[in-house]
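Enquirer: generate coordinates for the sequence data below:
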Amino acid sequence: MFDWDDLKIFLAVARSRKISPAARSLGVEATTVSRRLARLSSTIGVELFETSGGERSLTEQGRALMRHAEQVESAALAAAEDMTGTPGGLSGHVRLSVAEGFGTWVLAPDLAAFHVDNPGIRLDIVTASGFLNPSKREADMAVMLGRPQRGRLTVKRLGDYRLHLYATSDYLAKAGVPTTRGALKNHRLIGYIPDLIFSPELDYLDDIEPGLEPHLRSTSINVQYRMIASGAGIGVLPAFIGRTDARLVPILEHDVELIRSFWLVTHSDLTSLARIGAVQNWLQQRAALLRS
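Expert: Reported below is the predicted structural model:
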């Protein structure tokens, strides 16, 4: 029988694909991680990882072990939640991956209130380009722009949101107001960097008018917002951002309206945990504001 603690080491490396990040997440030395992995592999009698380019990928046997290890982990989390923590089991760590705009404009204003209501929950909000994958347990939960099609996931639609073209009145006074979609080609456009769009749902300009290309580009919706609000040009913003700034004027409002959806994605093994339920309820409350 192998040491169950070694499974925590194994899962951390399987999810991060590297020794050093796994060691940091566990609060141990990298040499300890390597030694424990070697011990686990030797005890079981199979190779669990293949190494290529500094990254470790699971072997077939490693993938089989991961399925069992995640079941053990989930059972341990559920047991700990039943036996310890604040009243109602609302304690522990939740890592949530979200789109930058949703995290900044919808969640951040209410984070202090969430903490007051749930002081035992340590909530990490990750807004890196792209989404951490709950299926691989890179995150416990994610609010995604597209519905994932596979993985051990529970998926719920959080809600739809609308996007419009915006510019400042100063920019429009100088450059003129476009009256058709085709006229946008004569304006300075702001948008995403085409080859760094991490989700097809963010490819707004081509949906508005084929052939439109941004002149000022950023991977960050917040940077795009600041450029638009400073009068640099015309760009697409979610209405939950655009309507908060009195400097911004909707353009072609009745002709151009894009609709996108937010999807709440949770690893199936975690859905019964009380802290996951608390975060889910909070997300649903915040997402309801998108319809107002």
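Enquirer: only C-alpha atoms from now on, for both contacts and neighbour counts.
Expert: OK.
Enquirer: what's the local residue count around Gly53?
Expert: 5 (other Cα atoms under 10 Å).
Enquirer: if I look at it, how far off is Glu209?
Expert: 41 Å (Cα to Cα, to the nearest Å).
Enquirer: and Ile251, what does it touch?
Expert: His164, Leu165, Tyr166, Ala167, Val177, Pro178 (Cα atoms under 8 Å, 6 or more residues apart in numbering).
Enquirer: out of these, who's the most crowded?
Expert: Ala167 (28 neighbours).
Enquirer: can you give me the helices in the stretch 101-250 of the chain?
Expert: 111-117, 169-175, 204-208, 221-229, 239-242 (DSSP state H, counting those that start in this stretch).
Enquirer: among those helices, which is nearest Thr43?
Expert: Within the helices of the stretch 101-250 of the chain, the stretch nearest Thr43 is helix 111-117; the backing value is 43.2 Å (Cα to Cα).
Enquirer: ok, residues contacting the closest one?
Expert: Ile121, Trp282.
Enquirer: just the CA trace of it, in PDB.
Expert: C-alpha atoms of helix 111-117 as PDB (Å, rounded to 0.1, in the frame of the first residue of the first chain):
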ATOM      1  CA  LEU A 111     -16.000  40.900  -3.100                       C
ATOM      2  CA  ALA A 112     -15.900  42.600   0.300                       C
ATOM      3  CA  ALA A 113     -19.500  41.800   0.900                       C
ATOM      4  CA  PHE A 114     -18.900  38.200  -0.100                       C
ATOM      5  CA  HIS A 115     -16.100  38.000   2.500                       C
ATOM      6  CA  VAL A 116     -18.300  39.400   5.200                       C
ATOM      7  CA  ASP A 117     -20.900  36.800   4.500                       C
END
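Enquirer: now that helix, how far from the centre of its chain.
Expert: In terms of Cα atoms, centre = their mean, to the nearest Å, the centre of helix 111-117 is found 20 Å from the chain centre.
Enquirer: mind checking the pLDDT average for it?
Expert: Averaged over helix 111-117, pLDDT sits at 93.
Enquirer: and it, which residues are buried?
Expert: Phe114 (16 or more other Cα atoms under 10 Å).
Enquirer: host element of Leu7?
Expert: Assigned by DSSP states H and E, Leu7 belongs to helix 5-16.
Enquirer: that helix packs against which elements?
Expert: When contacts are defined as 3 or more Cα pairs under 8 Å, 6 or more residues apart in numbering; DSSP states H and E, helix 5-16 packs onto helix 19-26, helix 30-44, strand 55-58, helix 60-83.
Enquirer: and the first one, C-alpha only, in CSV?
Expert: Extracted C-alpha coordinates of helix 19-26, given in CSV (Å, rounded to 0.1, in the frame of the first residue of the first chain):
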residue,chain,number,x,y,z
ILE,A,19,7.8,20.2,-10.4
SER,A,20,8.5,23.8,-9.3
PRO,A,21,4.9,25.2,-9.5
ALA,A,22,3.6,22.0,-7.8
ALA,A,23,6.1,22.4,-5.0
ARG,A,24,5.1,26.1,-4.5
SER,A,25,1.4,25.2,-4.3
LEU,A,26,2.1,22.6,-1.7
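Enquirer: show me the contact partners of that helix.
Expert: Ile9, Ala12, Val13, Ser16, Glu29, Ala30, Val33, Ser34.
Enquirer: now which of these would you call buried?
Expert: By 16+ other Cα under 10 Å, the contacts of helix 19-26 give Ile9, Ala12, Val13, Ser16, Ala30, Val33, Ser34 as buried.
Enquirer: can you redo those as JSON lines with pLDDT and distance to Leu252?
Expert: Shown next, in JSON lines, are the buried ones among the contacts of helix 19-26 (pLDDT from 0 to 100; distance: Cα to Cα, whole Å):
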{"residue": "Ile9", "pLDDT": "89", "distance to Leu252": "55"}
{"residue": "Ala12", "pLDDT": "85", "distance to Leu252": "49"}
{"residue": "Val13", "pLDDT": "88", "distance to Leu252": "50"}
{"residue": "Ser16", "pLDDT": "80", "distance to Leu252": "45"}
{"residue": "Ala30", "pLDDT": "90", "distance to Leu252": "56"}
{"residue": "Val33", "pLDDT": "91", "distance to Leu252": "57"}
{"residue": "Ser34", "pLDDT": "91", "distance to Leu252": "59"}
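Enquirer: closest one of those to Gly103?
Expert: The closest of the buried ones among the contacts of helix 19-26, once distances to Gly103 are taken by Cα to Cα, is Ser16, at 23.0 Å.
Enquirer: the closest one and Pro250, how far apart?
Expert: Taken as Cα to Cα, the span from Ser16 to Pro250 is 43 Å.
Enquirer: all set now, cheers.
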